[in-house]
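# missing the sequence, but the structure's below:
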């Protein structure tokens with residue numbers, strides 16, 4: 001989901017410069033809410049579990065997309081599935097370009113020995129590059145954030161008990177892999193501290209995550225479990241109205257950054273140099289595990305590789321440092337809220 005969310009700034013710039021551009025987005029139906037601001041986008045739902053499963057399914061997807069008669073095709077994913085689609089479109093003489101994942105450079109950044117520790121181009125800029133190769137002239141310097149979403153009646157009824165006079169802080173304590181998940185005991189201390197003077201929203205999904213978050217939500221007065229909102233559509237209404245988001249190197253940080261919300265990211269075995277920092281994020285808000293003690297960091301793009309002895313690397317991120325950074329950001333005027 002994080003990779004999908006990071007396409008939003010490039011699409012904003014594209015529509016700003018080319019307002020008559022017609023775009024069909026081929027993606028999972030679950031991701032549609034991420035693009036709800038774009039009235040101009042048509043969606044084509046992909047189903048890799050059934051209709052579009054395997055090479056035969058990808059050939060089916062190609063034939064379906066071909067019927068749309070696209071003039072330009074942007075592969076913003078560049079994985080095995082889209083490589084097949086790229087080949088099908090290419091041999092049928094369609095104009096198609098794909099994102100450069102900087103795989104060679106990443107390999108040098110993530111390897112154990114002779115690591116070349118320098119920042120790669122942020123992914124959001126690489127997405128713009130794809131459109132430029134297709135003949136569109138855009139860049140992120142022209143990007144403009146949109147207003148927060150109006151919080152609908154359904155969502156307002158669900159959150160009616162929260163304290164709206166306080167500043168809103170989102171906390172997303174989970175990530176896809178343990179290698180980039182802050183220890184939950186430390187995160188709980190942070191939540192307990194922040195909720196004293198702020199309204200905290202907890203983000204997570206699935207039985208394990210919501211089970212943990214439910215305990216915290218019940219334990220503290222100013223903590224609300226956003227899993228109660230029932231949909232990503234409703235969650236984004238809250239996220240866009242936050243004053244601060246605290247996230248792992250994960251999708252929730254990108255979703256919040258798309259609306260100009262300050263995002264504090266906590267980095268375990270991944271690192272901002274990999275190109276996955278939230279859009280327009282302040283480097284002071286990226287809090288990183290101690291590389292002097294754990295020099296193999298970053299070990300991978302997604303935190304999946306945990307070298308022996310690196311299991312507790314994120315405990316080098318001092319809870320007090322995170323709390324202090326939160327308070328610094330929350331000194332700013334309240335985020336414009338659309339209620």
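Okay, I see it. Computed from a predicted structure; not experimentally measured.
# where do the helices sit along the stretch 151-300 of the chain?
Along the stretch 151-300 of the chain, counting by DSSP state H, counting those that start in this stretch, helices occupy 153-158, 184-194, 206-219, 232-239, 251-257.
# please apply the same query to the stretch 1-150 of the chain.
Applying DSSP H, counting those that start in this stretch to the stretch 1-150 of the chain gives helices spanning 2-5, 8-17, 54-66, 80-91, 103-110, 123-133.
# what about the third one, average pLDDT?
Confidence for helix 54-66, expressed as mean pLDDT, is 96.
# same question, stretch 146-154
pLDDT averaged over stretch 146-154 gives 92.
# go on, stretch 181-194?
Rounded mean pLDDT across stretch 181-194 is 96.
# got the buried residues for that stretch?
Buried residues in stretch 181-194, defined by neighbour count with 16 or more other CB atoms under 10 Å: 181, 182, 186, 187, 188, 190, 191, 193, 194. For every residue, glycine as well, the C-beta is placed using N, CA and C.
# save those as a markdown table, and put in distance to residue 122 too.
Formatted as a markdown table, the buried residues of stretch 181-194 follow (distance: CB to CB, whole Å):
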| residue | distance to residue 122 |
| --- | --- |
| 181 | 23 |
| 182 | 23 |
| 186 | 28 |
| 187 | 26 |
| 188 | 31 |
| 190 | 27 |
| 191 | 29 |
| 193 | 31 |
| 194 | 28 |
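# so which of the helices of the stretch 1-150 of the chain gets nearest residue 306?
Among the helices of the stretch 1-150 of the chain, helix 103-110 comes nearest to residue 306, with 12.8 Å by CB to CB.
# can you give me the offset of the closest one from its chain's centre?
Mean-position distance between helix 103-110 and its chain equals 21 Å (CA atoms, centre = their mean, to the nearest Å).
# what does stretch 207-215 give?
Relative to its parent chain, stretch 207-215 has a centroid offset of 21 Å by CA atoms, centre = their mean.
# and if you look at stretch 138-146?
Distance, centroid of stretch 138-146 to centroid of chain: 18 Å (CA atoms, centre = their mean).
# quote the end-to-end distance of it.
Start-to-end span of stretch 138-146 (CA to CA, to the nearest Å) is 18 Å.
# what of stretch 271-280?
Using CA to CA, one end of stretch 271-280 lies 16 Å from the other.
# residue 164: which of the buried residues of stretch 181-194 is nearest?
Nearest to residue 164 out of the buried residues of stretch 181-194 is residue 194 (CB to CB; 16.4 Å).
# tell me the contacts of the nearest residue to residue 106 once chain neighbours are set aside?
Among residues not flanking residue 106 along the chain, residue 301 sits closest, at 6.2 Å (CB to CB, 6 or more residues apart in numbering). Counting by CB atoms under 8 Å, 6 or more residues apart in numbering, residue 301 touches 106, 110, 270, 274, 276.
# redo the helices of the stretch 1-150 of the chain as JSON lines? Include distance to residue 38.
Shown next, in JSON lines, are the helices of the stretch 1-150 of the chain (distance: least, CB to CB, whole Å):
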{"stretch": "helix 2-5", "distance to residue 38": "13"}
{"stretch": "helix 8-17", "distance to residue 38": "6"}
{"stretch": "helix 54-66", "distance to residue 38": "19"}
{"stretch": "helix 80-91", "distance to residue 38": "21"}
{"stretch": "helix 103-110", "distance to residue 38": "29"}
{"stretch": "helix 123-133", "distance to residue 38": "15"}
